[in-house]
Structure formats: structure tokens, C-alpha cells
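Student: sequence first, predicted coordinates after that:
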Amino acid sequence: MLDGKKSLFSGMQATGTLHIGNYLGALKNWVELENEYETFYCVVDMHSITVRQDPAELRRKARSLLTLYIAAGLNPEKNCIYYQSHVSAHAELAWILNCFTYMGELNRMTQFKDKAAKNEGNINAGLFTYPVLMAADILLFQSDIVPVGDDQKQHIELTRDVAQRFNAIYGDVFTIPEPYIKKTGARIMSLQEPTKKMSKSDDNPNASVFLLDDTDTIIRKFKRAVTDSGNEIRYAEEKPGISNLIEIYSVATGKSIPEIEKEFDGKGYGEFKIAVGEAVAAMLKPVQDRYNELCNDKEYIDNVIKTNAEKASYYANKTLRKVQKKVGFPEKIR
Ligand code: ATP
Ligand code: LTN
């Protein structure tokens with residue numbers, strides 16, 4: 001809760017290119033929450049450097065991601081959209097929370113295990129304490145909910161544990177956040193290996209459909225999607241390829257799974273794949289058009305970056321000061 005209103009925080013890393021998993025699992029759901037919550041959507045560039053980045057490329061990707069947030073429908077007058085590195089309270093609270101998080105807890109994080117395996121030459125302390133920075137992000141804004149895809153659930157559980165530990169010692173300092181994960185779209189799978197989640201860091205470009213892919217590319221990728229043996233359009237555990245496409249089609253069109261099974265009853269995989277491709281292209285077209293427009297409006301985006309970071313700093317510093325006082329840091333003399 002912030003100033004009597006429920007609040008929420010979410011963020012994405014400014015690495016790789018956004019794919020429809022990020023869109024359907026997270027970004028698309030954010031847009032409908034702006035009236036009920038005080039919202040904070042961050043480009044988590046500080047998280048990005050846990051893996052080595054090219055500086056110019058990181059800057060470019062961070063701006064592109066922030067622009068995509070707006071293009072996807074987040075109105076920056078209603079939603080606070082900003083860069084994590086512009087609000088120093090994130091780093092300051094993360095340090096304090098590091099001292100309330102156990103090594104054993106961090107050792108259990110599956111994202112750390114996955115990323116450590118992929119970056120054997122650079123398993124740095126930041127990669128290990130990544131979830132603590134994420135806990136700081138969420139707790140700074142007294143967030144009631146955190147809208148994310150399914151893979152982030154474990155990090156939110158850790159955030160809750162750390163917040164409860166802190167509150168048990170110092171009183172009611174932090175709101176305890178809940179994950180907000182939609183039933184459909186929370187785990188979009190790779191188009192090439194449908195038992196693996198679609199991921200920004202996948203080396204195979206055909207495994208993911210990117211938000212800025214053109215219509216022909218989108219349809220081609222769906223045509224090439226790996227499907228299961230048989231020819232029935234039916235949602236079932238033993239049919240991970242087709243089930244993934246059904247789920248994508250369902251969130252893209254708003255149709256339910258039984259409706260889709262009925263629509264394609266007696267039709268083949270080929271026809272269905274083209275329909276999914278067309279539905280996804282139609283869903284992304286307005287986002288792409290708006291993105292291209294916004295990229296030409298430097299002044300507008302610069303203004304969002306500046307004013308929203310100031311708003312985020314205001315709320316973040318309020319929580320940070322409270323925490324600093326609780327742990328016993330001396331007050332500043334003004
Ligand atoms: P990487 O796989 O390289 O770690 P990512 O694709 O998971 O990257 P993130 O920036 O870590 O991307 O995630 C941004 C948001 O998108 C998070 O809320 C995450 O839960 C969600 N998300 C990521 N992948 C998927 C997916 N395949 N299906 C649904 N949601 C997803
Ligand atoms: N860890 C997330 C990105 C992230 C985030 C957050 C998500 C960083 N801080 C706070 C929700 C709330 C990821 O890798 N997708």
C-alpha cells in the first residue's frame with residue numbers, strides 16, 4: 001500500500017529482445033491494472049549487468065524496452081515507467097536486505113542455477129544475490145502484487161520470506177507481496193523445443209517470436225513450429241507442441257481452449273499454425289506501429305524518463321528512510 005492505494009511493481013531485464021512469452025506472460029497483463037493500483041514498471045538495467053554486457057548495446061536495449069512498455073499500452077502518466085539505475089534506493093535497500101537473506105536460500109534459486117550453468121566463466125556475486133535486488137525492487141514500493149510469468153514465482157516467495165523476517169524483528173515495515181500470475185500465458189514454451197520455456201537467451205531465433213518481428217517472419221516461425229505426432233488440435237499433456245500453440249492462440253484472440261478445439265475440429269496442423277501466426281501478427285501490429293512512432297519522439301521519451309524517475313525516487317526513498325532508521329543508521333544532520 002502506498003498513500004492508501006494498493007501498489008504493484010514489475011520489471012524486465014534490458015537484455016535480449018522481448019518475445020511473445022514476455023508479452024503474454026507479463027506485459028499484456030500489466031495494462032489492465034493501472035486503475036486499481038499505483039503501478040511501477042521498471043527497466044531493471046542493474047540486474048542486466050549480472051551477465052557481461054556491451055555498454056552501448058545495453059543503453060540501446062534499455063531505451064527500446066522502456067519504449068516498448070509504452071507502446072504495449074502503459075500510459076506513463078498513470079504508470080511509473082523508469083530505469084532502475086536512476087533510483088539509487090534500489091541498490092541501497094538491496095545492501096540492507098543482503099544482510100537479512102541466507103546463503104542457503106539463495107543457493108536454492110533455480111534461475112541462479114540455470115544462469116550459472118550458462119555463464120560458467122563469470123559466476124559473480126551479483127548473479128548470486130540477484131534475487132535480493134529483486135526483493136528490494138518490490139519492497140521499496142510496498143507492493144501488494146507482482147505481475148510476472150510463472151518462472152519468477154520462486155523469487156517472489158523469497159521476497160516474502162525476507163520481508164516477513166524483517167517485519168518480525170522491526171515491526172510492520174514492508175507490505176508482504178503476492179505473485180500475480182495469470183492461468184493462461186504464464187509459461188509460453190519454445191516453438192522449437194516445446195518442453196522448454198521460450199527464453200530471450202535462446203540461441204535459436206526460430207524458437208521465439210519477437211515483439212518486433214514482421215508479419216511474414218511471425219507466420220514463418222509458426223509454420224516451422226515443432227508439433228507432436230498425430231493431427232488433432234487438442235490441448236493435452238502428451239501434446240506439448242500443439243498445446244503451446246493453442247495457449248498462444250487463446251491469449252491472442254481471447255477464445256477459450258474448448259472453443260478453439262471446436263473451431264479446428266477436423267482441420268490439420270498446417271491450417272491451425274497459419275491461424276495462430278495471423279492472430280499473433282494482428283495482436284502485435286498496433287504495438288509495433290506505436291513503437292515506431294514513439295522512437296521518433298525523443299523529447300517525449302526523455303521527458304518520461306526524467307519525470308517518472310523522480311516520482312519513483314520519491315516513493316522509494318520514503319521506504320528506504322524508514323528501513324535505515326529501523327536498522328539503526330544515524331540520522332542525517334541537515
Ligand atoms: P531469460 O530467459 O534470458 O532469463 P526471459 O525471457 O525469462 O529471459 P525476463 O526479462 O527474465 O525474460 O522476464 C520478463 C518477464 O517475462 C517476467 O515476468 C517473466 O516471468 C516473463 N516471462 C519470461 N519468459 C516467459 C515465458 N516463456 N512465458 C511467460 N512469461 C515469461
Ligand atoms: N527477475 C525478473 C526481473 C525482475 C523483476 C523484479 C520482476 C527484476 N526485479 C521485480 C518483478 C519484480 C526476471 O528475470 N524476469
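Tutor: Received, thanks. Numbers count the residues shown, from 1 in each chain. Ligands and ions are numbered 1, 2, ... in the order given.

Student: for Ala91, pull up the helix or strand it's in.
Tutor: helix 89-98 (DSSP states H and E).

Student: could you check how far that helix is from the centre of its chain?
Tutor: Average the C-alpha atoms of helix 89-98, do the same for its chain, and the two points are 21 Å apart (C-alpha atoms, centre = their mean, to the nearest Å).

Student: give the buried residues for the helix or strand following it.
Tutor: Heading C-terminal from helix 89-98, the first helix or strand you meet, by DSSP H and E, is helix 103-107. Using 16 or more other C-beta atoms under 10 Å as the test for burial, helix 103-107 gives Leu106. From N, CA and C alone the C-beta is placed, and that goes for glycine too.

Student: what about dumping the CA coordinates of the helix or strand following helix 103-107 to CSV?
Tutor: Past helix 103-107, heading to the C-terminal end, the next element that is a helix or strand (DSSP H and E) is helix 110-118. Coordinates of the C-alpha atoms in helix 110-118 are reproduced here as CSV (Å, rounded to 0.1, in the frame of the first residue of the first chain):
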residue,chain,number,x,y,z
THR,A,110,16.7,-22.2,-9.9
GLN,A,111,17.2,-19.1,-12.1
PHE,A,112,20.7,-18.8,-10.4
LYS,A,113,21.5,-22.4,-11.1
ASP,A,114,20.4,-22.1,-14.8
LYS,A,115,22.3,-18.8,-15.3
ALA,A,116,25.4,-20.1,-13.6
ALA,A,117,25.4,-23.1,-15.8
LYS,A,118,25.1,-20.8,-18.9
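
Student: quick one: contacts of helix 110-118?
Tutor: Contact partners of helix 110-118, identified using C-beta atoms under 8 Å, 6 or more residues apart in numbering, comprise Thr50, Val51, Leu106, Ile123, Leu127, Phe128, Tyr130, Pro131, Asp151, Gln154, His155, Ser201.

Student: pLDDT of the helix holding Ala91, averaged?
Tutor: Per-region confidence: helix 89-98 scores 98 on mean pLDDT.

Student: list the helices and strands that helix packs on?
Tutor: Counting contacts by 3 or more C-beta pairs under 8 Å, 6 or more residues apart in numbering; DSSP states H and E, the secondary-structure elements packed against helix 89-98 are helix 125-140, helix 298-327.

Student: minimum distance to ligand 2: which of these has it?
Tutor: Nearest to ligand 2 among these is helix 125-140; the distance by C-beta to the nearest ligand atom comes to 3.9 Å.

Student: what about the residue of the stretch 51-200 of the chain at minimum distance from ligand 1, how many residues nearby?
Tutor: Across the stretch 51-200 of the chain, the shortest distance to ligand 1 (C-beta to the nearest ligand atom) belongs to Gly149, at 2.5 Å. By other C-beta atoms under 10 Å, the residues close to Gly149 number 22.

Student: can you pull the contacts of it?
Tutor: Gly21, Asn22, Gly25, Ala26, Ile181, Ala186, Arg187, Ile188.

Student: so of those residues, which ones are in strands?
Tutor: In strands, defined here by DSSP state E, there are no members of those.

Student: minimum pLDDT in those residues, which residue is that?
Tutor: Of all the contacts of Gly149, Ala186 has the smallest pLDDT value, namely 87.

Student: nearest spatial neighbour of that one, skipping sequence neighbours?
Tutor: Using C-beta to C-beta, 6 or more residues apart in numbering and skipping residues adjacent in sequence, the residue nearest Ala186 is Asp150, 4.2 Å away.

Student: and Ile333, how many neighbours?
Tutor: For Ile333, the neighbour count with other C-beta under 10 Å is 4.

Student: Trp95 now?
Tutor: Neighbouring residues of Trp95 were enumerated by other C-beta under 10 Å; the total is 12.

Student: likewise for Tyr314?
Tutor: Counted with other C-beta under 10 Å, residues neighbouring Tyr314 total 12.

Student: SS state for the residue in the stretch 201-334 of the chain that ligand 2 sits nearest to?
Tutor: The shortest separation between the stretch 201-334 of the chain and ligand 2 is 10.6 Å, found at Ser201 (distances taken as C-beta to the nearest ligand atom). Secondary structure of Ser201, reduced to three states by DSSP: H, G, I helix; E, B strand; the rest coil: coil.

Student: the nearest residue to it once chain neighbours are set aside and ligand 2, how far apart?
Tutor: Nearest non-adjacent residue to Ser201, counting by C-beta to C-beta, 6+ apart: Gly16, 6.0 Å away. Plainly put, Gly16 is 11 Å away from ligand 2 if you go by C-beta to the nearest ligand atom, to the nearest Å.

Student: show me the contacts for Gly16.
Tutor: Residues counted as contacts of Gly16 (C-beta under 8 Å, 6+ apart) are Lys61, Lys200, Ser201.
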